[in-house]
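Undergrad: Fold the following.
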Amino acid sequence: MARDWYVGLLTLSLVLSGLQLSSAFCFGRGVPQLLSHQGSVGNLRAITYHRRPRAHGSLGVKMQGPELKDEELTQMEAELKDSQGWLGYVAPRPIRKVLWGALAANAFWGALILFGSNSANQQSVPLDKVAENLVFAAAFSVLLWNEFRDQSNRTERRTKLRKKQIEIGDREVFEKFDKASGRTRTFSRLKPVDDSWILRRIDRWGVVETYESGGNPLPTVGPAKGAILEQLVEEKKPNFILDIGSFVGYAAIRMARKQPAGGLTVTIEKDLRWHLSSKRFVWQSKLWQQYPWGEEPERKVECWYGDALERMDEVKETYGVPDMILIDANTKEYRDYLAKIEEAGLVKPGTVVIADNTGLFKEFAGVKEYLEYVRSSDKWKTESIETTLEYRLPILLSPLHPIITTLSWKPHVNPAI
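TA: The predicted structure follows:
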């Protein structure tokens, strides 16, 4: 009977251990809060490239944070404590420790009783029963040891993850002087997911992708050209921006967050995967209404699905003429995009059209015709801005220097002609 009892408990313990491992594998080792943050880019990249990215970024700076309440500090400390996801709620680790410890002690004590009582009565010792109890005692002792080891490993992993998040800028650090101990205590918490957080995450993804692909960068505008876009938006102050070619929404987010209050950016993407990705990142950037009952953001990005050549007329009918247009899509269609922009009347005096990578692809079909047209046309005033290829240091660049071409519709030209 005792043997059946021990076998049942040992089976239960193995099942719980298996659930613990599956929980760690499926739920990010029991860090649901961090999973919700890190999944934004990681899941997309896993779907597209079937591998997850590694963290990469520059060192962050420790800051003196605002005064925090005690409950907020307690919550920050709790992030470092042992957490096991849903299994911790079903069978908490302290209970498992007590259970494995009690069963190990009981089995070992049973072996001692069997050996001692039979020896005292000068009876033959049932070595098979003693050995059986010792085996169970050893098994439960291993499970108990595994609980302590796993707890230590989890805490260590969380500490390293916390440190890495501080280094890459995803976690802010606060310091508070503890009068009781006379020491300054350090706390930290994850930064909220917003436009800056999403841009940092995509930039780190771009660095890793460029490195792993042997120099083929992620096809976003990247931080260097993104900064140029932001500068142009701050200078021109466009209330309405049209972005042709969303990809993951990186350029739209960078431009929209620098628009005046009440500004709108419409970004169009014909690849369904990237359209859905851009919608997700825009939503996480707080540039779209978070919930139906929530407030509208000050600056908004709308993600449209379809071919920009087919939807530009709808853009004009819905929102009128843009103040700024970014062309960053299929380079073979650059000339077609500009022709459609003129045909649909999506320009007015002062409208700025920005075309990415016109220097890199200046001899290729589409871009070549685009440059020949705008440089010979009396409708447009052209300017070229030399910059670097996304996610590469200038020292590593080949002789090819991507150029952004900006066009301004001349006031004396009627856009409807």
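
Undergrad: quick one, strands of this protein?
TA: 171-178, 183-190, 240-244, 264-269, 300-305, 324-327, 352-355, 380-386, 403-409 (DSSP state E).

Undergrad: what does the fifth one rub up against?
TA: Residues lying outside strand 300-305 but in contact with it, judged by Cβ atoms under 8 Å, 6 or more residues apart in numbering, are 246, 249, 252-253, 256, 263-270, 272, 275, 278-279, 282, 285, 287-289, 311, 315. (Glycine included, C-beta is placed from N, CA and C.)

Undergrad: for residue 321, phi and psi?
TA: With angles defined as degrees, to the nearest 10, residue 321 sits at phi -100, psi 130.

Undergrad: rewinding a little: can you lay out the strands of the chain as CSV showing mean pLDDT, mean neighbour count and distance to residue 213?
TA: Converted to CSV, the strands of the chain look like this (pLDDT from 0 to 100; neighbours: other Cβ atoms under 10 Å; distance: least, Cβ to Cβ, whole Å):
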stretch, mean pLDDT, mean neighbour count, distance to residue 213
strand 171-178, 81, 15, 29
strand 183-190, 81, 15, 29
strand 240-244, 96, 27, 25
strand 264-269, 96, 25, 22
strand 300-305, 94, 21, 26
strand 324-327, 94, 26, 25
strand 352-355, 91, 25, 25
strand 380-386, 85, 15, 24
strand 403-409, 62, 21, 23
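
Undergrad: Next, format these as CSV and append distance to residue 230.
TA: Compiled in CSV, these are given as follows (distance: least, Cβ to Cβ, whole Å):
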stretch, distance to residue 230
strand 171-178, 23
strand 183-190, 25
strand 240-244, 12
strand 264-269, 12
strand 300-305, 14
strand 324-327, 12
strand 352-355, 12
strand 380-386, 13
strand 403-409, 13
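
Undergrad: out of these, which comes closest to residue 136?
TA: Across these, residue 136 has its closest neighbour in strand 183-190 (43.9 Å, Cβ to Cβ).

Undergrad: closest to residue 369 out of the strands of the chain?
TA: That would be strand 352-355 among the strands of the chain, by Cβ to Cβ, at 12.1 Å.

Undergrad: Okay, now the sheet partners of the closest one, with direction.
TA: With DSSP bridges as the test, strand 352-355 is paired with strand 324-327 (parallel), strand 403-409 (antiparallel).

Undergrad: among the contacts of strand 300-305, which ones are buried?
TA: 246, 249, 252-253, 256, 263-270, 275, 278-279, 282, 285, 287-288, 311, 315 (16 or more other Cβ atoms under 10 Å).

Undergrad: In helices, which of these fall?
TA: Judged by DSSP state H, these include 252-253, 256, 275, 278-279, 282, 311, 315 as members of helices.

Undergrad: a markdown table for the residues you listed, including distance to residue 204?
TA: Formatted as a markdown table, these follow (distance: Cβ to Cβ, whole Å):
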| residue | distance to residue 204 |
| --- | --- |
| 252 | 19 |
| 253 | 15 |
| 256 | 21 |
| 275 | 23 |
| 278 | 18 |
| 279 | 21 |
| 282 | 19 |
| 311 | 32 |
| 315 | 32 |
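
Undergrad: Tell me which two in those are the farthest apart.
TA: With Cβ to Cβ as the measure, no two of those lie farther apart than 253 and 311, at 20.2 Å.

Undergrad: okay, and the helix or strand of this protein with the least pLDDT?
TA: Every helix and strand in the chain was compared by mean pLDDT, DSSP states H and E; the lowest is helix 32-49, with a mean of 31.

Undergrad: for residue 134, what are its contacts?
TA: Going by Cβ under 8 Å, 6+ apart, residue 134 touches 107-108, 111.

Undergrad: Let me know the closest of the ones in helices among the buried ones among the contacts of strand 300-305 to residue 222.
TA: In terms of Cβ to Cβ, no member of these lies closer to residue 222 than residue 253, at 13.0 Å.

Undergrad: State the distance from the closest residue to residue 248 other than its chain neighbours to residue 242.
TA: Nearest residue to residue 248, sequence neighbours excluded (Cβ to Cβ, 6 or more residues apart in numbering): residue 277, at 4.8 Å. From residue 277 across to residue 242, the span is 19 Å (Cβ to Cβ, to the nearest Å).

Undergrad: Look up how far residue 155 lies from the nearest residue to residue 230 once chain neighbours are set aside.
TA: Leaving out its chain neighbours, the residue that sits closest to residue 230 by Cβ to Cβ, 6+ apart is residue 258, at 4.7 Å. Distance of residue 258 to residue 155, computed by Cβ to Cβ: 42 Å.
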